[in-house]
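> Generate a structure from the sequence data that follows.
(2 chains)
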Amino acid sequence: MLKHPAFHIDIATCTGCKTCMIACKDKNDLADGVKWRRVSEYAGGGWVQRNDNTLTQDVFAYYISVACNHCEEPICVSVCPTTAMHKDESGIVLVDASKCIGCHYCEWACPYRAPQYNAAAGVMTKCNFCIDFQREGKPPACVAACPTRSLTFGEYEALKKQFGESALIAPLPDPAITKPNLFVTPGRTAKPMGSASGSIRNPEEV
Amino acid sequence: MFGTEWPLVIFTILVQMSVGLLIVSELACLTGGAAARDLLKGREFFSLVLGVAGLLFSFGHLGTPTHSPFAILNLAHSWLSREILCTSAFLGCLVVLTITRHIVLFRAFSRLVAAVAGLLGLATIFVMSRVYMIVTVPAWNSPATLLNFVGAALLLGALATGLLACSRWSGESNGEARSPIARIMSLVLLFAALGLVAKFIEIPVSLFAGLATNARGVSATSALLTDGLGPYVLQVVLLIVGTALFVHVAATVMRGNVVLLSLLGTGALFVALAGEVLGRFVFFNMHVLIGL
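Numbering: from 1, shown residues only, chains lettered A, B, ... in the order given. Just a heads-up that it's a prediction; the model follows:
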């Protein structure tokens, strides 16, 4: 079991196949509509007029797979009225279903849309970093399933040493808000954080 | 738009109306003397009924209401915990106030209890607005939320006070002794006007706060001006019509006329209430998260 686990996503190699989403749903037997991991397609661009009056295009698209980032300062934990949403000793953010009132407040506040409501159970649910797998020395289901090895996980400090500071790219929110344990390696077409040049094109999926 | 948040729409409006009714009616009694106290007798009980009804409706929002005793465990960080504590303390104080006004032995304390209840009511509205001022929801994270809630409390509280006073005046005194009711109605009109002013300041502030576009290409203001424009305009019209109708009621009272007074007052309150309900649905519809 890692002491301070974090995710890493390599945007340059992610193909947006969504195998990580499916593996997560399958492993956790998630209810219809509940998605602990989601793959957003961020795209934009169009025709651009050049100086010689000819046209070219600057179309771009890339994918970003995001679950709960088990933030250092999780807004879901601070807004939760019951303390059902909490961090364990290794920093993994978990929901205590025996305390949760299903008020949706964490869902309203999380900029990564990590907390997901299970209507049948009447409580919030979320990615638990496959804590059971980790205890058995196995990687999380999403990481294990990634065919391009774009999604990895590891000790926060080790990932920082390997990949450096996380890239600040769109469509991710300002990490200063919650300090996510997520490292992002940008692709060639990645746009800076806050860029209005693109938008999420598959909102119904995420 | 009129989806899952209806229990919170009813909860927030009824609790705000309860606070407004208590504060405006108590101030009216302070300035109006014994005659005003007679006309507004039982005000704390009506305020309590509104608040308790609101609190009961709030349970409709919860997935597991049986866990609700846990909801005050995060007072150190969660505004929602603080809201539940403040609302409960306010309603508890109203229970004490109702008891002190009905038992002669405790009547001496009623003014102090009323003052504490008023302060707790104000704290409840402040904390309630902080619940929605979430850093990741730009349209809510502005002073517009506080203005919206204070405006609702003042407007609905004033109209409820006015309705209570003029229905008693026309029913029991049959239009006699115009001076106390005139004083009450002046105060009611002042608070209703303040409430309406808060609402009108809130409109541009909330529209400006909602301009931030998220990664999905959506902003609260753009969503409002396309899909929600009809309800948005209608809520403003209803608030104005409700207040105007009440001004007519007040003018009728000042002339000493009792004809249809209660009916008109009730109509004014319900029109304004309909405006608030519509406006609160619009408010919840302005929840647009930053980020993903």
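> closest point of chain A to chain B, which residue?
Closest contact between chain A and chain B, by CB to the nearest CB, is at residue A:102 (2.0 Å). In short, each C-beta sits where N, CA and C put it, glycine included.
> how about that residue, what does it touch?
Counting by CB atoms under 8 Å, 6 or more residues apart in numbering or on different chains, residue A:102 touches A:117, A:122-124, B:62-64, B:67.
> Specify which member of those residues is nearest to residue B:283.
Using CB to CB, residue B:62 is the member of the contacts of residue A:102 that lies nearest residue B:283, at 19.7 Å.
> does residue A:40 belong to a helix or a strand, and which?
Per DSSP states H and E, residue A:40 falls inside strand A:38-44.
> Now do that strand: everything it contacts.
Residues contacting strand A:38-44 (CB under 8 Å, 6+ apart): A:14, A:16, A:18, A:20-21, A:59-67, A:113, A:170-171, A:191, A:197-202, A:205-206, B:215, B:292.
> Please apply the same query to stretch B:208-226.
By CB under 8 Å, 6+ apart, stretch B:208-226 touches A:40, A:42, A:170-172, A:196, A:199-200, A:203, B:138-142, B:144, B:207, B:232, B:282, B:285-292.
> show me where chain B has helices.
Assigned by DSSP state H, the helices in chain B fall at B:6-39, B:43-58, B:79-102, B:110-132, B:143-171, B:178-209, B:220-226, B:229-254, B:261-285.
> Find the nearest non-adjacent residue to residue A:97, please.
residue A:123 (4.8 Å; CB to CB, 6 or more residues apart in numbering or on different chains).
> Closest residue of the stretch 101-250 of chain B to chain A?
At 3.1 Å from chain A, residue B:215 is the closest residue in the stretch 101-250 of chain B, using CB to the nearest CB.
> Hmm, residue A:66 is touching residue A:173, no?
No - using CB atoms under 8 Å, residue A:66 is not in contact with residue A:173, being 10.5 Å away.
> Show me whatever sits in contact with both of those two.
A:112, B:292.
> from the helices of chain B, which stretch is densest packed?
Each of the helices of chain B was scored by mean neighbour count; the highest is helix B:143-171, a mean of 25, by mean count of other CB atoms under 10 Å in any protein chain shown.
> for it, packing partners?
Helix B:143-171 makes packing contacts with helix B:6-39, helix B:43-58, helix B:110-132, helix B:178-209, helix B:229-254, helix B:261-285 when contacts are defined by 3 or more CB pairs under 8 Å, 6 or more residues apart in numbering or on different chains; DSSP states H and E.
> Toward the C-terminus from the strand holding residue A:40, list the very next helix or strand.
Scanning forward in sequence from strand A:38-44 by DSSP H and E, the next helix or strand is strand A:47-49.
> Which strand residues bridge the residue most central in space within chain A?
Chain A has residue A:66 as the residue nearest its centroid, 1.7 Å off, counting by CA atoms, centre = their mean. Note on residue A:66: beta-bridge partners by DSSP bridges are residue A:38.
> just how off-centre is the top helix by length along chain A within its chain?
Identified as the longest helix of chain A according to DSSP H is helix A:19-28. Counting by CA atoms, centre = their mean, to the nearest Å, helix A:19-28 is centred 14 Å from the centre of its parent chain.
> mind listing what's buried in it?
Along helix A:19-28, these residues count as buried under the neighbour rule (16 or more other CB atoms under 10 Å in any protein chain shown): A:19-21, A:23-25, A:27-28.
> that older thread, what angle do helix A:19-28 and the strand holding residue A:40 make with each other?
160 degrees (axes from the mean of the first three to the mean of the last three CA atoms, to 10 degrees).
> avg pLDDT for strand A:38-44?
Strand A:38-44 carries an average pLDDT of 97.
> For chain A, what is the nearest residue in chain B?
For chain B, CB to the nearest CB, closest residue to chain A: residue B:63, 2.0 Å.
> CA atoms of the helix or strand of chain B with the lowest mean pLDDT as CSV?
Counting by mean pLDDT, DSSP states H and E, chain B has its least confident helix or strand at helix B:220-226, which shows a mean of 89. Taking Å, rounded to 0.1, in the frame of the first residue of the first chain, the C-alpha atoms of helix B:220-226 are listed here in CSV:
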residue,chain,number,x,y,z
ALA,B,220,-24.8,30.5,-15.8
THR,B,221,-25.7,33.8,-17.4
SER,B,222,-25.8,32.4,-20.9
ALA,B,223,-27.9,29.4,-19.8
LEU,B,224,-30.2,31.8,-18.0
LEU,B,225,-30.6,34.2,-20.9
THR,B,226,-31.4,31.4,-23.4
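> next one: that helix to chain centre, how far?
25 Å.
> Stretch B:98-106 too?
That offset, for stretch B:98-106, works out to 26 Å (CA atoms, centre = their mean).
> Need the residues that contact that stretch.
Residues outside stretch B:98-106 that contact it (CB under 8 Å, 6+ apart) are B:44-45, B:48, B:107, B:109-110, B:113.
> let's go with 6 Å and repeat that
B:44-45, B:48, B:109-110, B:113 (CB atoms under 6 Å, 6 or more residues apart in numbering or on different chains).
> for stretch A:77-87, same thing?
A:76, A:93, A:95-96, A:99-101, A:105-106, A:109, B:70-71, B:73-74, B:77-78, B:80-81.
> What mean pLDDT does it get?
Per-residue scores along stretch A:77-87 average to 98.
> mind listing what's buried in it?
Of the residues in stretch A:77-87, A:77-86 count as buried by neighbour count, 16+ other CB under 10 Å.
> Let's have those residues in a markdown table, adding secondary structure.
A markdown table is the format used below for the buried residues of stretch A:77-87 (DSSP: H, G, I helix; E, B strand; the rest coil):
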| residue | secondary structure |
| --- | --- |
| A:77 | helix |
| A:78 | helix |
| A:79 | helix |
| A:80 | coil |
| A:81 | coil |
| A:82 | coil |
| A:83 | coil |
| A:84 | coil |
| A:85 | strand |
| A:86 | strand |
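> Enumerate the residues of chain A near chain B.
Residues of chain A lying near chain B by CB under 6 Å from any CB of the partner chain: A:40, A:78-83, A:99, A:101-103, A:105, A:109, A:111-113, A:122-123, A:171, A:173, A:199-200, A:203.
> Sketch out the low-pLDDT regions of the stretch 101-250 of chain B for me.
Residues of the stretch 101-250 of chain B that meet the criterion pLDDT under 70 lie in B:172-178.
> what about 90?
B:104-108, B:167-182, B:217, B:223-228 (pLDDT under 90).
> Nice, that's everything, thank you.
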